[in-house]
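> Give me coordinates for this.
(chains A, B, C and D)
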Amino acid sequence: MPAQATAETSAADKRWKLVEATMRRNGYRPDALIETLHTVQGVFGYIDREALKFVAERLPVSPSQIFGVVTFYHYFQMKPQGRHTCSVCTGTACHIKGSKALLDDIEAHYDLKDGQTTPDDKVSLLTVRCIGACGLAPAAVFDGEVEGSVTPDLLHERLDNWLAEEDEGNGEEN
Amino acid sequence: MAVVRSRIKTLKIDGQDVGAHEDETILEVARENGIMIPTLCQLDGLSLVGACRLCLVEVVGWRNLVPACTTYVEEGMEVITNSERLQKYRRMIIELLFAEGNHVCAVCVSNGNCELQWKAQKLGMDHVRFTNQNPDRRVDMTHEHFVVDANRCILCTRCVRVCDEIEGAHTWDIFGRGENSTIISDFNLPWGESPTCSSCGKCVNVCPTGALVEKGKAAGEMIKRTEFLAYLTKMREVKK
Amino acid sequence: MSKVTLATTWLDGCSGCHMSLLDIDERLIDIADKIDVVYSPLVDMKEYPEQVDVAIVEGAVSSEEDLHKIRMIRSRTKILVALGDCAVAGNIPTMRNKFSREELLDVAYIKSATENPQHPSEVIPALLPKAVPLHEVVDIDVFVQGCPPSADTIFHTIAELLAGRIPADLTEHTRPGA
Amino acid sequence: MVKKTSQRISVASLDDLVNVAGASQEQEQQYRYHICICVAAGCISQNSDAVRDALIAEVEARGLEDEVQVKGVGCMGLCAAGPLVRVDPDGIVYQSVTVDDVPAILDSLENGPVEKLILPQDIPFFERQQKIVLENCGIIDPEAITEYIAAGGYLALHKALTEMTPSEVIDVVTRSGLRGRGGGGYPAGLKWVTVAKAESETKYVICNADEGDPGAFMDRSVLESDPHRVIEGMAIAGYAVGANKGYIYVRAEYPLAVERLELAIKQARWAGILGNGVFSTTFDFAIEVRLGAGAFVCGEETALIASIEGRRGVPRPRPPYPADYGLWGQPTLINNVETFANVAPIIRNGSDWFAEIGTEKSKGTKVFALAGQIVNTGLIEVPMGITLREIVFDIGGGLPDGRNYKAVQTGGPSGGCVPEQFLDMPVDYESLREVGSFMGSGGMIVMDDSSSMVEVARYFMEFSMTESCGKCIPCRTGTRQMYDLLSKVVAGEASQSELNLLVELGDLLQNTCLCGLGKAAPNPVVSTMQYFEDEYLERLVDDNGSADEPAGES
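Okay, here's the model as predicted:
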């Protein structure tokens, strides 16, 4: 968790070094902002205020400016995601082939709406605007893997498997 | 000191022959000649964004309407600033502004001193045909001297620009996008806790509506002053 | 010449517009010769007549009763005037729209009640989910903005109507919040 | 797959290019068979990477490494039939291949083709296409610069740098008649001239790979299947307009395309094709990849520039156009992926060759992504001027399960729906405009008669509404109001006067919005109202009629 994102503690954290590297590669110019945010999200999974503060201090960018940028782009997540993510494509081809029905099905069976995470933090549901797999509509991305011609049955299979996983202990880093 | 100015262009605005320097915009030339084109986001002394669309004008022979504030004059251009079509569009734009926010004038401290209200009257908006969107945006009274009511904000970004360009603090910016856009200070934290705000009050004075106001005013008491902008601009020119 | 029949009423408003109407003062006497007030909180008439020439309505549509009433008025009236910001734009009554009906009733009848807290179930007409201006539920012929519109504006409007004209562009006379 | 280290080559001259090409071909010829498997996103999502691994393992198990080469290639087009595997030199294509089919495919090398998997090549889907942009797609390994060179790659760049002046290059592009493939169809040559003429020490070339139209995946396929082609086009453009730095702005939602692009850029840099002194000339050119972050509006060029500069992707009024005042205030050439992908072949084969393809005003080919209710979903490239009927019914194989054609939607949220009566219309920029649609970047979504056109219009309005940047009021609030009105129509609660208001709003947005997103947002509504007005009218209620409550709960 990027909770103690001060410069001192970050030095100990390899992930902050990656963020730092992106800024350095871009000469700490303000235009490195979006690239840097990509790195933050890439290594931490999401972008929180502490991370924004860290980046704002390093790049000549004001707090409101960086907050404006991060909330403008829908790709950036400011909340931690569940252990697994399912992104349903809502592009035109997928819409025509029933992506709405898939989302309704997930809501009906798992009480999960776009942008929400199950209470056990295992599964997050997202929607994306066209992943360019229109030929395979309706498409969804399960933990980064694109799946075409998705049916409710397939959705249930994937989600049920995820939800049935053992709870993780306190083994994770924090 | 002899100032070398750019070349002179001649053009027609609403049938009137006018001369202008090539580095002037249609809006500037129109104003010099007493032709008033409505504006909201534009303010002398701040950069131009062309966002409010009120100053759109027709240029004969051009396919698209153009914002007078950001379009430079050209030789021989014929500008129409107040056709029936433009009047209709401007009225609709004001209607949309009213529909997206809480612009209940009766209980606004800027009532009677509000640019949006003036425009609504001047452009002949006698009612709003669009359903109000009833926004639920931030009302922040944490600042010692000022109040921000984002529900009365029309997103002209004058506050963002004056804070960045004149004061140099960049306390304000826009959060989110589309209909969820709203003004924020710093990391969308209470204004009163802002580490960047110098409490100079420039944003309050340039705000055209009752979104940014001084504390302790009753309805109709808040009067905005923008003369300081021209003054600061002039003084900075001198120092250059 | 038969007199013009005039009705006035208020829905969800503060009656301030009617006060402003009375502020026409001595000019009321001129008007009185030409009109017949057939329905109004200012006169003692219980039933809205079947046929009315002009109705002036103040206030927003906030309850089932308001809705029923304005539809009835529209169906029996030739020219319908929305008087004041509540009727024209919703104004203050619509500031409750960001809350749900239940939240509102809780605040009014439970949280701020000193005794016997409960939601009203009889007598008080049910609230609509949202308060809306008149034109969202019926067609309006004349919009008179202002909170309240000035007596001069109201007089001008009535004078125009009596002269057989639908007053064009009242924004020269008034504005929201005026 | 070709080992990545073998891609560290150096090409400083034409001879080097020829040698690399020769060596690559020679290497290919060492093998008796090449088993090519599509590893573009469409087939990968159908597990083609597992099939590839299984093929490699099986080849090793049978000890055939010296005879059989297994390689990943780019998109072969017919995504609906994936994963696709082609066995060369015979060119037999297998469809819907699974890991279980791997032994049979290897057996086939001796015993003849696996009949049950064969995808016939003499069907109109393949025969009616004409490939320029996609000429290498599905043929070469996108991760091997040597294969690109062996296919004639970078010859055009070499030719431009060594045999042509910048103005000659622009002249060829102008005379070819190439128009921007991103949507508007602005003549590429004109844009190039403007940037070339702009006086500045520093200029930029930007490749717009922010393919945001829902229902379009042409650019993704090109980037995943033939990334060097885009790099070559950009470098030629850089030489022509006097720019030394290029940016490719690509959607973060296309991770595979990003990965292949970055690899291709690295390989080109190693080879001396990018960097200082391209092909040992005095021309320097570097390319950087910049990631988008999920904002459709960044396809608009001024918003894209703002995004590269690290800011909110908000458009600004034009003029000044980016050609005069672009990235960091410098003259900037912006074209999209497909436009750049056309450049190298035009330089290689000349403007006359290109100008002979297509129609009078729309030259060359166009790549379309076919999707929706159509049998052959996938990627096609056809000459401009082909009829819609040929695309949908011949190449596309018509609608599945005997469904009836209703309309094809082109141009995404900026486009419109083309009804049956225009099926025989030639597809080019002007014709599509005339019928109220838009070429857009090339998405074609086929709809059958079960689709409600009002709902289609509402779908696109929702898209524009959520993608509006919020800067200008007609777009920010107008799209919301139009969406709400459309929702009322869908729910059967709208009156004629509300429908009139919808039309008025459409006119307002088309004329007053700041950028193309807002200006074009009403197009799907306007077009469906034009051709399917009945569907709107039949849902209306009387004015101030039957709705019991004036406002919904929300």
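> Please enumerate the strands of the chain.
By default, I'm working from chain A. A:84-89, A:123-128, A:140-142, A:145-147 (DSSP state E).
> other chain: chain C
Counting by DSSP E, the strands of chain C are C:4-10, C:35-39, C:52-58, C:61-63, C:77-83, C:127-132, C:142-144.
> Give the full set of residues in contact with the spatially most central residue of chain A.
Centroid-nearest residue in chain A, with C-alpha atoms, centre = their mean: residue A:77, separated by 5.2 Å. Neighbouring residues of residue A:77 by C-beta atoms under 8 Å, 6 or more residues apart in numbering or on different chains: A:41, A:45-47. C-betas here are computed from N, CA, C, even on glycine.
> Quick check: the two most widely separated of these?
A:45 and A:47 (9.0 Å; C-beta to C-beta).
> neighbour-wise, which of the two wins?
residue A:47 (21 against 15; other C-beta atoms under 10 Å in any protein chain shown).
> just checking, that one touches residue A:78?
Yes - the pair residue A:47 / residue A:78 is scored as a contact, 5.7 Å apart, by C-beta atoms under 8 Å.
> what sits in contact with each of those two?
With C-beta under 8 Å, 6+ apart as the test, residue A:47 and residue A:78 both reach residue A:70.
> so residue D:387 bridges to which residues?
residue D:426 (DSSP bridges).
> Could you report the pLDDT at it?
As predicted, residue D:387 sits at a pLDDT of 95.
> check contacts around the residue lying closest to residue D:47 once chain neighbours are set aside.
Once flanking residues are discounted, residue D:47 sits nearest to residue D:83: 6.6 Å by C-beta to C-beta, 6 or more residues apart in numbering or on different chains. Residues near residue D:83 by C-beta under 8 Å, 6+ apart: D:37-38, D:43, D:46-48, D:51, D:96-98.
> can you list those residues in TSV and add neighbour count, pLDDT and secondary structure?
Conversion of the contacts of residue D:83 to TSV gives the following (neighbours: other C-beta atoms under 10 Å in any protein chain shown; pLDDT from 0 to 100; DSSP: H, G, I helix; E, B strand; the rest coil):
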residue	neighbour count	pLDDT	secondary structure
D:37	30	94	strand
D:38	31	92	strand
D:43	31	87	helix
D:46	27	84	coil
D:47	18	87	coil
D:48	23	90	helix
D:51	29	94	helix
D:96	15	93	coil
D:97	29	94	coil
D:98	14	93	coil
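> which of those lies closest to residue A:128?
Looking across the contacts of residue D:83 and measuring by C-beta to C-beta, the closest to residue A:128 is residue D:46, at 18.7 Å.
> My understanding was that that closest one contacts residue A:139; is that so?
No - judged on C-beta under 8 Å, residue D:46 makes no contact with residue A:139 at a distance of 10.7 Å.
> Give the residues shared as contacts by these two.
Common neighbours of residue D:46 and residue A:139 (C-beta under 8 Å, 6+ apart) are residue A:148.
> Can you spell out which helices and strands pack onto the helix or strand bottoming out on mean pLDDT in chain B?
Ranked by mean pLDDT, DSSP states H and E, the weakest helix or strand in chain B is helix B:227-239, scoring a mean of 87. The contact analysis (3 or more C-beta pairs under 8 Å, 6 or more residues apart in numbering or on different chains; DSSP states H and E) places helix B:227-239 against helix B:202-206.
> now for the helix it packs on, which elements pack on it?
Partner elements for helix B:202-206 (3+ C-beta pairs under 8 Å, 6+ apart): helix B:158-161, strand B:212-214, helix B:227-239.
> Mean neighbour count added to the ones you listed, as CSV?
What follows is the helices and strands packed on helix B:202-206, written out as CSV (neighbours: other C-beta atoms under 10 Å in any protein chain shown):
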stretch, mean neighbour count
helix B:158-161, 24
strand B:212-214, 23
helix B:227-239, 11
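> which residues sit in contact with the spatially most central residue of chain B?
Central residue of chain B (C-alpha atoms, centre = their mean): residue B:41, 2.1 Å from the mean position. Contacts for residue B:41 were tallied using C-beta under 8 Å, 6+ apart; they are B:49-52, B:69, B:156-158.
> So which of these are in helices?
Those of those mapping onto helices are residue B:158, per DSSP state H.
> give the contact list for residue D:85.
Going by C-beta under 8 Å, 6+ apart, the list of residues near residue D:85 reads D:35-38, D:51, D:55, D:93-94, D:97, D:105.
> hey, what's it bridged with?
residue D:37, residue D:94.
> near chain D, which residues of chain C show up?
Residues of chain C lying close to chain D by C-beta under 8 Å from any C-beta of the partner chain are C:61, C:67, C:71, C:74, C:100, C:128-130, C:132, C:136-139.
> please redo it, this time with the cut-off set to 6 Å
Residues of chain C found near chain D (C-beta under 6 Å from any C-beta of the partner chain) are C:128-130, C:132, C:136-138.
> Just flag the most distant two among those.
The most distant members of these, if one measures by C-beta to C-beta, are C:129 and C:138, lying 18.0 Å apart.
> rewinding a little: how about the helices and strands packed on helix B:202-206 in CSV, adding distance to residue B:221?
CSV is the format used below for the helices and strands packed on helix B:202-206 (distance: least, C-beta to C-beta, whole Å):
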stretch, distance to residue B:221
helix B:158-161, 20
strand B:212-214, 9
helix B:227-239, 19
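> So, low pLDDT: which residues of the chain?
Since no chain was named, I'll use chain A. Flagging of chain A using pLDDT under 70 yields the residue ranges A:1-12, A:167-174.
> Switch to chain B, please.
Ranges of chain B meeting pLDDT under 70: B:1-5.
> related to what we said a few turns ago, would you list the buried entries among the residues of chain C next to chain D?
C:128, C:130, C:132, C:136-138 (16 or more other C-beta atoms under 10 Å in any protein chain shown).
> correct me, but residue D:220 touches residue A:133?
No - judged on C-beta atoms under 6 Å, residue D:220 makes no contact with residue A:133 at a distance of 8.8 Å.
> what's the burial count for residue 88?
Going with chain A. 22.
> ah, I was thinking of chain B
Neighbour tally, residue B:88, other C-beta under 10 Å: 15.
> Quickly find the element holding it.
helix B:84-100 (DSSP states H and E).
> Which residue comes closest to residue D:25 once chain neighbours are left out?
The nearest residue in space to residue D:25 (C-beta to C-beta, 6+ apart) is residue D:150, at 5.2 Å.
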